[in-house]
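Q: this is a predicted model, with the sequence first.
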Amino acid sequence: MKTREPLDAYDAELDGLRVHDAPPARVEQIRARCLATLAAKRRRLSQPPVSRPAWLGWLEPAVALGLSACYLAAAIGTALQLAHVMRIAQVLPR
Amino acid sequence: MEREIELRLVARLKAGDAAAFEAIYEAYRPRLFSFLVRLSRRRDVAEDLLEETWLRLVARAGELRDDTCVAAWLFTVARHLFLSWCRHRALDDWRLSDLTPSWPAPAAGETPFEAAARGQTERRLEIALAQLSTHDRELLLLVSVEGFTPGEAAAALDLAPEALRKRLQRARERLAEAMEVTSRTRQAKAG
């Protein structure tokens, strides 16, 4: 992959600049981290997908819906009781 | 690296092949580090960005296109990480130049004799490069040092090809000016 631009006065020198490298310990540290990441990815890919029972598909939303309905009914019941008590309080002579 | 070999390595890397990673790592690591250290002018920053770039590659290996050019991908990501690093620290060129640069400096393990024997032109070139703006430096590093074609460099730098040509011309002129200044400074010190 060499440049196709016309060379200018310093291009040859720039092209010949020395290549440097990170310290060996750092090079190894980066290598180890990358290989560990790759190995983890390979493990994830090789694991068979966990199969969920079909009934879980409808049970979860049904339970959530049931609990929500109970909560809503309790809230409405409490509100109605409160309204009833307040109406009685207004009717009673002071 | 030959294109066919590169494409095969990309395909193997996408499948999580450790040997393919090793081959790419060995082929591009020193070039990438040289680019980052000259771009950031700090060894510690270059090492951190180098690590982040390689971790990005393995994390996103599965998403690589079959015809990915690894060098272009790596240098583009490295450049973006450097720009993010600058943004994160709210560093523009002015503030960046206030930081103590650790580059150019004698290479680790280099004896004073070896450092003295190193080409004077190379030393002057490194100093002149370090004095340029980040925009000029990244352009010269990609095109003149790394040998990217104008099209590849334009893609890596998010520039239109025509804009790249103009910027490249100006960057070369500014490098020549910086080299002149470095020469005059040296002569003044010697005299």
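A: Looks like it arrived, so ask away.
Q: list the helices and strands the longest helix along chain B packs on?
A: Among the segments of chain B that qualify as a helix by DSSP state H, the longest is helix B:161-190. Where contact means 3 or more CB pairs under 8 Å, 6 or more residues apart in numbering or on different chains; DSSP states H and E, helix B:161-190 is packed against helix B:120-131, helix B:134-140, helix B:150-156. Just so you know, the C-beta spots here come from the backbone N, C-alpha and C atoms, and that holds for glycine as well.
Q: so for the second one, mean pLDDT?
A: To tie it back to what came earlier, the one meant is helix B:134-140. Mean pLDDT, helix B:134-140: 92.
Q: show me which parts of it are buried, residue by residue.
A: For helix B:134-140, burial by neighbour count (16 or more other CB atoms under 10 Å in any protein chain shown) applies to B:134, B:136-140.
Q: which of those come close to chain A?
A: B:L140 (CB under 8 Å from any CB of the partner chain).
Q: right, and out of the buried residues of helix B:134-140, which lies closest to chain A?
A: Using CB to the nearest CB, B:L140 comes nearest to chain A of these, at 6.3 Å.
Q: residues contacting that closest one?
A: A:14, B:129, B:132, B:168, B:171-172, B:175 (CB atoms under 8 Å, 6 or more residues apart in numbering or on different chains).
Q: A:Q90 too?
A: Counted by CB under 8 Å, 6+ apart, A:Q90 has zero contacts.
Q: for whichever strand or helix holds it, which positions count as buried?
A: According to DSSP states H and E, A:Q90 maps onto helix A:54-91. Under the neighbour-count criterion of 16+ other CB under 10 Å, helix A:54-91 has nothing buried.
Q: now the contacts of B:L140 as CSV including distance to B:R56 and neighbour count?
A: As requested, the contacts of B:L140 are exported to CSV (distance: CB to CB, whole Å; neighbours: other CB atoms under 10 Å in any protein chain shown):
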residue, distance to B:R56, neighbour count
A:L14, 27, 22
B:L129, 26, 25
B:L132, 27, 19
B:L168, 27, 23
B:A171, 27, 22
B:R172, 31, 21
B:L175, 30, 25
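Q: out of the helices and strands packed on helix B:161-190, the one nearest A:I76 is which?
A: helix B:150-156 (62.3 Å; CB to CB).
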